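Participant: Structural data only, the sequence is not supplied:
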């Protein structure tokens, strides 16, 4: 989406650390008239209803779910403009960053919020990913 969206990371706001520049922008601007897709929070539940026990596997499955929903709207991860991550354990934040860099890193990353919460809809859920995409 580098040719369509514009990331805003001005010097008047704190500088994004080098290790996060491919996975975080302070703001993302869209031109008028774009089609938007709002994706509800996705857990690490596979299409067959199974839930991996580990955090990394739940993140990968939740990302697969987001990508499947993008594909159903004829979009891809390059169309992501806003991501919200909800995780239940602060210790999992570094792993989340690593997975984000390997799967969804880009030169024009979306705006991002990551929050640690006390629990999600079910106690075994370790991650929830909410997304907005535009095309």
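Facilitator: Happy to help now that I have it. Keep in mind that what you see is a predicted model, and the values were worked out from it rather than measured.
Participant: how many other residues sit next to residue 108?
Facilitator: 16 (other C-beta atoms under 10 Å). Yep, even glycine has a C-beta here, placed from its N, CA and C like the rest.
Participant: okay but it is in contact with residue 5, surely?
Facilitator: Yes: taking C-beta atoms under 8 Å as the definition, residue 108 is a contact partner of residue 5 at 5.9 Å.
Participant: And the pLDDT for the residue positioned nearest the centre of the chain?
Facilitator: Residue closest to the average C-alpha location in the chain (C-alpha atoms, centre = their mean): residue 83, at 3.9 Å. The confidence metric pLDDT takes the value 98 at residue 83.
Participant: quick one, longest helix in this structure?
Facilitator: helix 55-72 (DSSP state H).
Participant: Could you name the helices and strands sitting against it?
Facilitator: strand 36-42, strand 80-87, helix 93-104, strand 127-134 (3 or more C-beta pairs under 8 Å, 6 or more residues apart in numbering; DSSP states H and E).
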